[in-house]
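[1] return atomic coordinates for the entry below.
(2 chains)
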2 protein chains.
Amino acid sequence: MGGPEIDRLIGLLARLPGFGPRSARRAALRLLQQPETRMLPLANALAEAARAVRPCAACGNLDSQDPCTICADPHRDHGLICVVEGVGDLWALERAHVHRGRYHVLGGTLSALAGTGPDDLNVEPLLARVREGEVAEVILALGATVEGATTMHWLTERLKPLGVVVSRVSQGVPMGGALDVLDDGTLAAALRSRRPF
Amino acid sequence: MGGPEIDRLIGLLARLPGFGPRSARRAALRLLQQPETRMLPLANALAEAARAVRPCAACGNLDSQDPCTICADPHRDHGLICVVEGVGDLWALERAHVHRGRYHVLGGTLSALAGTGPDDLNVEPLLARVREGEVAEVILALGATVEGATTMHWLTERLKPLGVVVSRVSQGVPMGGALDVLDDGTLAAALRSRRPF
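    The predicted structure follows:
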């Protein structure tokens, strides 16, 4: 339409999650109309992040410092590790300010379908961290899916022998959720895990 | 979360049309996980497009060559100009392969509310192109809004004295559209502009 540069830009934008060809064209147009104030800053931010951001050698979090900001924070409880599937889950927990310990990013879940086995996950470094002796509790915060549950069971078997407390996030009615829209599995879990008032 | 580079990237992505903070985080994460194959190519494409793409001096289209690919194409009918509000409209018409002439991008419509007056639109260059004498017909292809209709009337008054045919795109039932979901204005226009079989 307007030369190979525009076509290439639209093609790359269309591959972003949540974007398709239509929204990519719209975004490209908006950017092209403000090359100095919108487009170059985004180009620089992308290049700078690609250069600076690396996985934390300790926990697998993405950060521009290594060890990451969380691992390096002396105010974080070093006796408490929360295991998550991906960095997006870590970000969600951080936004909620609900975890005062550190994290460990698994990088996936066990899945026969996706061909993800134990060796594809960031497990050995987790066991090594626990073996160091400072960790008192490992919280498993994987998703309530078949793969998540399988992975949590499998991790528990490996962590328990190391003499550490292993817990998992509870399942139940989400905050603000009405019961009549919940699926059977969630309702069953909410009843099963009921607590006395 | 992971240093200023990530925060800055998410902030800029969140300003893209169709993106909010949530989708920006998701896109940033996807990009961060593939810095070499996804992130740097996008950074380069943005920088390259910002460098190369300019508005065409003749018609206002965005292109990496000037005059733009369409204006420079000798197979395009130079006697036919299609006036559109923005480059996005030009792209839509080009994708549909429905216009064999050239374009003129107005850059907006007259709008008292938005404070857009005649001087804010790319009008004088259009009149100059018509005065050159090669143009036989100007097709007004602005949206069927109050501002679009006002602007088309206003343009017609300026173009007619130059001895050129002025036409506007028709209004009616969109392709594949059922009548019972259309608004009253569209139905009225469709009836008013009815054509004999």
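
[2] how does chain A divide into domains?
    A:4-52, A:62-196 (automatic domain parsing).

[3] highest mean neighbour count out of the ones you listed?
    When those are scored by mean count of other CB atoms under 10 Å in any protein chain shown, the highest mean neighbour count falls to domain A:4-52 (a mean of 19). To be clear about C-beta, it is placed using only N, CA and C from the backbone, and glycine gets the same treatment.

[4] how about that one against chain B, any contact?
    Yes - Domain A:4-52 comes into contact with chain B (CB under 8 Å from any CB of the partner chain), by way of A:4-6, A:8-9, A:12-13, A:15-19, A:23, A:25-33, A:35-36, A:38-50, A:52.

[5] do the same with stretch A:72-87
    Yes - Stretch A:72-87 is in contact with chain B by CB under 8 Å from any CB, via A:86, A:87.

[6] starting at the chain centroid, how far to the stretch of helix or strand residue A:24 belongs to?
    Residue A:24 is part of helix A:21-33, with elements assigned from DSSP states H and E. For helix A:21-33, the separation from the chain centroid amounts to 29 Å (computed by CA atoms, centre = their mean, to the nearest Å).

[7] swap in stretch A:46-57?
    Relative to its chain's centre, stretch A:46-57 lies at 16 Å (CA atoms, centre = their mean).

[8] was I right to think residue A:7 contacts residue A:14?
    No - applying CB atoms under 8 Å as the test, residue A:7 and residue A:14 come out as separate, 10.6 Å apart.

[9] what residues does stretch A:23-41 touch?
    With contact meaning CB atoms under 8 Å, 6 or more residues apart in numbering or on different chains, stretch A:23-41 is reached by A:6, A:9-11, A:13-14, A:16, A:19, A:42, B:12, B:15-19, B:46-47, B:49-50, B:53, B:62, B:86-88, B:91.

[10] which strands and helices sit next to the helix or strand encompassing residue A:127?
    Per DSSP H and E, residue A:127 falls inside helix A:124-131. Using 3 or more CB pairs under 8 Å, 6 or more residues apart in numbering or on different chains; DSSP states H and E as the contact test, the elements touching helix A:124-131 are strand A:77-84, strand A:101-105, helix A:146-159.

[11] among the contacts of stretch A:23-41, which lie within strands?
    Using DSSP state E, the subset of those located in strands is residue B:62.

[12] adding mean pLDDT, write the helices and strands packed on helix A:124-131 out as CSV.
    Shown next, in CSV, are the helices and strands packed on helix A:124-131 (pLDDT from 0 to 100):
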stretch, mean pLDDT
strand A:77-84, 95
strand A:101-105, 97
helix A:146-159, 94
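
[13] with distance to residue B:107 as added columns, please give the ones you listed in CSV.
    Below are the helices and strands packed on helix A:124-131 laid out as CSV (distance: least, CB to CB, whole Å):
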stretch, distance to residue B:107
strand A:77-84, 48
strand A:101-105, 48
helix A:146-159, 52
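
[14] tell me the contacts of residue A:190?
    A:171, A:172, A:173, A:182.

[15] assign it to helix, strand or coil.
    Under DSSP: H, G, I helix; E, B strand; the rest coil, residue A:190 falls in the helix class.

[16] before we move on, the earlier item: figure out how far the very next helix or strand once past the helix holding residue A:127 is from the centre of its chain.
    Per DSSP H and E, helix A:124-131 leads on to strand A:137-140 as the next helix or strand towards the C-terminus. Centroid separation for strand A:137-140 versus its chain: 15 Å, with CA atoms, centre = their mean.
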